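In: here's my sequence, what's the structure:
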Amino acid sequence: MAAGTKATELRELKDEDLVAKLREAKEELFNLRFQAATGQLENHGRLKAVRKDIARIYTLMRERELGIETVESA
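Out: All right, here's what the predicted structure looks like:
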């Protein structure tokens, strides 16, 4: 996977898929933190990218909860 997941890609997912994606991202973050603690982490930038992905997913879930729709420019 590249630097991170695009918001446009996440907007196309259903709620169940978003929850699954969130679960995967949290699991990856746990593994990355574990690698960092043991000194085995090679790509430190991935930690930041995964945290941003998690925040992006939470933001999108909250937007859907509030009924906010953002207009994407074509």
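
In: show me the contacts for V50.
Out: By Cβ atoms under 8 Å, 6 or more residues apart in numbering, V50 lies in contact with 4, 25, 28-29, 32. C-beta coordinates here come from the backbone N, C-alpha and C atoms, glycine included.

In: distance to R46, secondary structure and pLDDT added to the residues you listed, as TSV?
Out: Formatted as TSV, those follow (distance: Cβ to Cβ, whole Å; DSSP: H, G, I helix; E, B strand; the rest coil; pLDDT from 0 to 100):
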residue	distance to R46	secondary structure	pLDDT
G4	9	coil	72
A25	11	helix	96
E28	8	helix	96
L29	9	helix	97
L32	6	helix	96
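
In: now for these, which pair is the farthest apart?
Out: Within those, G4 and L32 form the most distant pair, 13.3 Å apart (Cβ to Cβ).

In: and those two? which has more neighbours close in?
Out: Legend: neighbour count by other Cβ atoms under 10 Å for G4 and L32, higher for L32 (19 against 16).

In: wait, what's in contact with the closest residue to the more buried one other than its chain neighbours?
Out: Distances taken as Cβ to Cβ, 6 or more residues apart in numbering place L47 nearest to L32, at 5.2 Å, with adjacent residues excluded. Contact analysis of L47 by Cβ under 8 Å, 6+ apart lists 29, 32-33, 36, 41.

In: what's next to the host helix or strand of E16, contact-wise?
Out: E16 belongs to helix 15-38 when elements are defined using DSSP states H and E. Helix 15-38 has contacts (Cβ under 8 Å, 6+ apart) with 5, 10, 13, 41, 44, 46-47, 50-51, 53-54, 57-58, 60-61, 64.

In: no further questions, thank you.
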